[in-house]
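Q: pasting the sequence and the predicted coordinates here, then a few questions.
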Amino acid sequence: MSYKEAIEYMNAQLPMFHRVGAAAYRANLDNTLALCSVLGNPQDNFKCIHITGTNGKGSVAHMLASILQQKGVRAGLYTSPHLKDFRERIRVNGKKISKAYVPAFISKHMEEFEKINPSFFELAVAMAFQYFKEQHVHVAIVEVGMGGRLDSTNIITPLLSVVTNVSLDHMQFLGDTLPKIAQEKAGIFKPGVPVLIGERQESVDSVFRKQAKLTKSEINYASDHYSVVKIRNWGRKAIHLNVDVYKDKEVFIKKIPCPLGGDYQMKNLVTLMGIIEELNKQGFAITADHIKKGIRYSAIRTGFKGRWQVLSLKPLTICDTGHNEAGIQEVVAQLANISYGKLHLVIGTVSDKDPSLILKHLPVKATYYFCKADIPRGLDADSLKQLASEHKLKGKSYKSVKLAYEAAKHAAAEDDLIFVGGSTFVVGEVI
């Protein structure tokens, strides 16, 4: 079996949530436990940090992995979804899982795995844990796929459980209120394992405190102690951040260059500082120098893409994977702070979420290029255009992301701004 054949097998034979939605969702951990049992429970062979939250968990995970690498820790990193290549999901010291490992793993265990009938995500998690074991990682940073309580990653006992923040997303699975969603995310809390909440939110604070009490976990809030102030943007070929970090209103670290240019990364940096403090309590001895260099080189080291990524300067073209209400609000706020001639938005969404939660926040004064990502779960471009018209958003629909993006580039002048987003899969196709 070749790498290509292995990926085709996973895509064709295994239900994949990010492609087909609810049909791939498994509301229990049985399959993951069974898969890992076949493998000898590799998740018990390395230390890990578990990260959930509605937004920011991927950014936090990648930056943390880079900081641990800077410290000299052999770091595993599991994230989802991937933008272009499945191997983006599984990394050790920033390097993607080898092309040879994927088909070898599937071929070796296929007969036993097929008796279990796993989903794409369940198999990917088991593969990651086995790879981390074989690669002798010291610490693995494990990002939750969705929610927490029933997520396939939730068979680990971490050094630290992290929740970045809570907002509305995946409501058909996690609940239609913030407290319900918070309860699902609090499902990663483990007995006696400390908990770090990135952003204190009054609407869900009681949920986290109650769960932490049940699991006898010490709970701390990064935003109670840390704040981040943007000094300026920097970089000639991209938009980067330069920030100062404060702890208890005193300067903590000056002039941290962050290659992830979205202003919303300042919230993620607050969460990151809280995580590092908790890890240092456990003896990691991470210094300010580790933090600065780890953040500065995080995108290069971990291959992180799609978060306020600059694709072109003339015209300025930016893509971002923010795909829920809170994420889009952050994107729109930053777009409003950029000077440009005209605004062009290449937008696509998925069919199992309410597009109005995104559309109602998008600027009216812009030209839209509506499209559907090449996945079954994508929302038809004509349907999206019709829904957008109800919010006074005007533009044309296109048969593919590629055609929509090409049309925007053709129409835009050098001083215009093109933004690509609405869905991780639209961004993935453009990148």
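A: Sure, I can see it.

Q: ok, which stretches of the stretch 201-350 of the chain are helices?
A: 202-214, 265-281, 288-296, 298-302, 325-335 (DSSP state H, counting those that start in this stretch).

Q: looking at those helices, which is buried most?
A: When the helices of the stretch 201-350 of the chain are scored by mean count of other C-beta atoms under 10 Å, the highest mean neighbour count falls to helix 265-281 (a mean of 23). C-beta coordinates here come from the backbone N, C-alpha and C atoms, glycine included.

Q: out of the helices and strands in this structure, which is least certain?
A: Each helix and strand of the chain was given a mean pLDDT (mean pLDDT, DSSP states H and E); the minimum falls on helix 17-20 at a mean of 52.

Q: after it, next one along is what?
A: Sequence-wise, the next helix or strand downstream of helix 17-20 (DSSP states H and E) is helix 30-38.

Q: other SSEs contacting that next one?
A: Contacting helix 30-38 under the criterion 3 or more C-beta pairs under 8 Å, 6 or more residues apart in numbering; DSSP states H and E are the following elements: helix 101-116, helix 120-134.

Q: what's the most buried one of those helices?
A: helix 120-134 (a mean of 24).

Q: packing partners for that helix?
A: Using 3+ C-beta pairs under 8 Å, 6+ apart, helix 120-134 sits against helix 3-13, helix 17-20, helix 30-38, strand 75-78, strand 90-92, helix 101-116, strand 139-143.

Q: what's the angle between that helix and helix 101-116?
A: With axes from the mean of the first three to the mean of the last three C-alpha atoms, to 10 degrees as the basis, helix 120-134 and helix 101-116 are set at 130 degrees to each other.

Q: quick one, domains of this protein?
A: By the record's domain assignment, the chain is partitioned as 3-302, 309-430 (automatic domain parsing).

Q: not counting sequence-adjacent ones, nearest residue to the most centrally placed residue in the chain?
A: Nearest residue to the geometric centre of the chain (C-alpha atoms, centre = their mean): residue 58, 3.2 Å. Spatial nearest neighbour of residue 58, excluding adjacent residues (C-beta to C-beta, 6 or more residues apart in numbering): residue 79 at 5.4 Å.

Q: who touches residue 53 in this structure?
A: Applying C-beta atoms under 8 Å, 6 or more residues apart in numbering, one finds that residue 53 lies in contact with 60, 144, 162, 163, 164, 165, 166, 185, 198, 271.

Q: distance check, it against residue 99.
A: Distance of residue 53 to residue 99, given as C-beta to C-beta, to the nearest Å: 31 Å.

Q: just put the helices and strands packed on helix 30-38 in a markdown table and tack on distance to residue 375 and mean pLDDT.
A: Converted to a markdown table, the helices and strands packed on helix 30-38 look like this (distance: least, C-beta to C-beta, whole Å; pLDDT from 0 to 100):
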| stretch | distance to residue 375 | mean pLDDT |
| --- | --- | --- |
| helix 101-116 | 21 | 95 |
| helix 120-134 | 12 | 96 |
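
Q: relative to residue 398, which of those is closest?
A: Distance to residue 398, taken as C-beta to C-beta, is lowest for helix 120-134 among those, at 27.9 Å.

Q: touching the closest one from outside, list them.
A: Contacts of helix 120-134 from elsewhere in the structure, counted by C-beta under 8 Å, 6+ apart, are 10-11, 14-17, 19, 24, 26, 31-32, 35-36, 39, 42-43, 45-46, 76, 78, 80, 86, 89-90, 92, 97, 101-102, 105-106, 113, 118, 140, 142, 145, 152-153.
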